[in-house]
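Colleague: got a sequence here, can you model it:
(2 chains)
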Amino acid sequence: MRFAVTLALAAPGLALVVAFLALPLTAVPVMALLSWDGVGAAQLDFGLRALHVTAVSAAFWAAAGRTALYACTGTALVVGIALPLALATATSSDRLVRRLAIATLVPLALSGVASALLQQRALFWAWRIIERHFGMNPVDPLGSPLTAFTFILAIDLWQSVGMCWLLLDGIVQRLMAPYFDVARMAGLAGWRLHLKLTLPLAANAVVAVCILEFLHRLAAFDAIFVVTGGGPFFGTEVMSLFVLRSVWGGQTDGAVDYGAGAAASTLFMIASMLVIAIAWPRVRTVLRVG
Amino acid sequence: MLAKRLLWSAIALAWLAPLVSGISAVQEFPAAFEALGLDATTLNTLLVAAAAACTSLLVSLGIAFAAFELPGLRSVLRILLVPLLLAPRSLTIVPLQALVVEFDLQGSLLALTLCVAAGGIPLQALVLTEAICARGEQWRPLLRASGAGPIQQAVILGPLVEPVCLALFLVELLRGVNSFLLPLLFTVGAPELQTLPVRAWQAAGGAGPNMQVAIGLVASAPGFLLLAATLVMRRKVASGVED
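Modeller: Got it, this is the predicted structure:
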């Protein structure tokens, strides 16, 4: 009876997880193998055709490359900005500094859509100032893949630095708490303190944060979809957008091709699982630190 | 000290500039209110986000109390939930879209709510399991001796994790309010059931830059209200985050 009640407590949550997360994830490779194009049409074509077509498609590898580039650059920039902020705030006794740093958390309250809409105009203004300053001919910054990519990276930075700062600040404070007084007595302060003590102590946790940020960026969708829609010339099309285009993009009669989308998702899933498997020991470290 | 404060003020200003510059779009606000259909979209957004946050918190509490009762379940949960937590959510777009289209769930707020709620369960269940096991460990012999069943244990240990629940509820509510991809899949063809981010995306298409900023700011209102609520309850939330 006791065991049954315990299972009944866990059952609704586990049922939701299985129905809306685990089953869809396991359905992805099955849909790719069946090249399923919908219940109504019921055209099942068991085999590796969809996976093979996707694996040899240049568009898929281009999207995979852009996703990797976006994830690597975004992670490096976000952690590169958030880490010095965290080191400065964690060791600062000035309460005003801490309050001002909280400003970076404000974009967290915004949806990806709202962030993109707000930041887009600010970036356009900045772009116009640069153009005037350097006497460049006015061009649409979203008309070139490079500048469009820079725009979406800037929007990502604006939205993500706050959370990364908060995480790193907590880690640095917790790790350093036992050593602060000793370090001060030893005359270590400022950047010397961070170079000699904080960074070596927090290295594992920082790597784990980088991995979490990287994984977060692999699923980037909202801001890119709103600002560029994957353009210009698919120059900012990351994997999430490529998957959507695979399902609808190749169809002219309103039909869908779940097999193509599922094949792209399957290959993306294999790559993500490899990253998660490599990352797992480090992520455990940061979970332990708190 | 002054130079340091000036530097930090510049950083804060740079971060708030896109929001502050939105004041120049104030004349577009009435049009933005109209374009967003605020009464219906806000109601839909809050309904979905609140229902999803409550559902995921309640079912996660169920999982966590079950894991407290059955220690073996804790390891199983880690193996099952951590990969789901780390896996990119966009991997499920295709099967979920197939589910929506083939089973005619387009415009079903219930299905959308359950889907959003399910997305929050891995994090909440893992955090609550750790919190309840850490807090309840010292009570375990007493609970065993008194013969308390799983429900009585939940009633006794529940108040101990109240700050954690509050923090998780606010995080989940914010996630629900700002969620875009799932509401897009479920409500893009049903305008009367759209949430704020989806309507904002539709309304901003083809609008001028000032109108886009006005739409962005108006659509952010629920998020800002939640942030304000978090600041008002910051002591309790902070103790929950620390737990």
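
Colleague: what bits of the chain have low per-residue confidence?
Modeller: No chain specified, so I'll use chain A. A:35-46, A:250-255, A:282-290 (pLDDT under 70).

Colleague: not quite, go with chain B.
Modeller: B:235-243.

Colleague: show me the longest helix that occurs in it.
Modeller: Longest helix in chain B by number of residues (criterion: DSSP state H): helix B:38-69.

Colleague: which elements pack onto that one?
Modeller: Using 3 or more C-beta pairs under 8 Å, 6 or more residues apart in numbering or on different chains; DSSP states H and E, the elements in contact with helix B:38-69 are helix A:2-17, helix B:71-86, helix B:109-136, helix B:150-157, helix B:162-178, helix B:196-204, helix B:221-232. In this view, the C-beta of every residue, glycine as well, is placed from N, C-alpha and C.

Colleague: which of those is buried the deepest?
Modeller: helix B:196-204 (a mean of 26; mean count of other C-beta atoms under 10 Å in any protein chain shown).

Colleague: relative orientation of that one and helix B:162-178 in degrees?
Modeller: In terms of direction (axes from the mean of the first three to the mean of the last three C-alpha atoms, to 10 degrees), helix B:196-204 departs from helix B:162-178 by 20 degrees.

Colleague: are helix B:196-204 and chain A in contact anywhere?
Modeller: Yes. Judged by C-beta under 8 Å from any C-beta of the partner chain, helix B:196-204 and chain A are in contact via B:196-197, B:200-201, B:204.

Colleague: and of the helices and strands packed on helix B:38-69, who's closest to residue A:100?
Modeller: helix B:221-232 (15.3 Å; C-beta to C-beta).

Colleague: and the closest one, what does it pack against?
Modeller: Applying 3+ C-beta pairs under 8 Å, 6+ apart, we find helix B:221-232 packed against helix B:38-69, helix B:162-178.

Colleague: redo that, cut-off 10 Å
Modeller: If you count contacts as 3 or more C-beta pairs under 10 Å, 6 or more residues apart in numbering or on different chains; DSSP states H and E, helix B:221-232 packs onto helix A:112-134, helix B:38-69, helix B:162-178, helix B:196-204, helix B:234-242.

Colleague: may I see the buried residues of the second one?
Modeller: Put plainly, it is helix B:38-69. By neighbour count with 16 or more other C-beta atoms under 10 Å in any protein chain shown, helix B:38-69 contains the buried residues B:38, B:41-42, B:44-53, B:55-57, B:59-69.

Colleague: does the residue nearest in space to the middle of chain A sit in a helix, a strand or a coil?
Modeller: Among the residues of chain A, the one closest to the centroid is residue A:217, at 1.6 Å (C-alpha atoms, centre = their mean). Classification of residue A:217 by DSSP: H, G, I helix; E, B strand; the rest coil places it in helix.

Colleague: show me the contact partners of stretch A:271-282.
Modeller: A:64, A:67-68, A:71, A:204-212, A:214-215, A:218-219, A:239, A:265, A:283, B:82-83, B:85-88, B:90-91 (C-beta atoms under 10 Å, 6 or more residues apart in numbering or on different chains).

Colleague: give the contact list for the spatially closest residue to residue B:168 that is not a sequence neighbour.
Modeller: In space, and not counting its chain neighbours, residue B:168 is closest to residue B:124: 5.1 Å by C-beta to C-beta, 6 or more residues apart in numbering or on different chains. If a contact means C-beta under 10 Å, 6+ apart, then residue B:124 has A:13, B:53, B:56-61, B:63-64, B:81, B:117, B:164-165, B:168-169, B:171-172 as its contacts.

Colleague: could you redo the last one with a cut-off of 6 Å?
Modeller: For residue B:124, the contacting residues are B:56, B:60, B:168, by C-beta atoms under 6 Å, 6 or more residues apart in numbering or on different chains.
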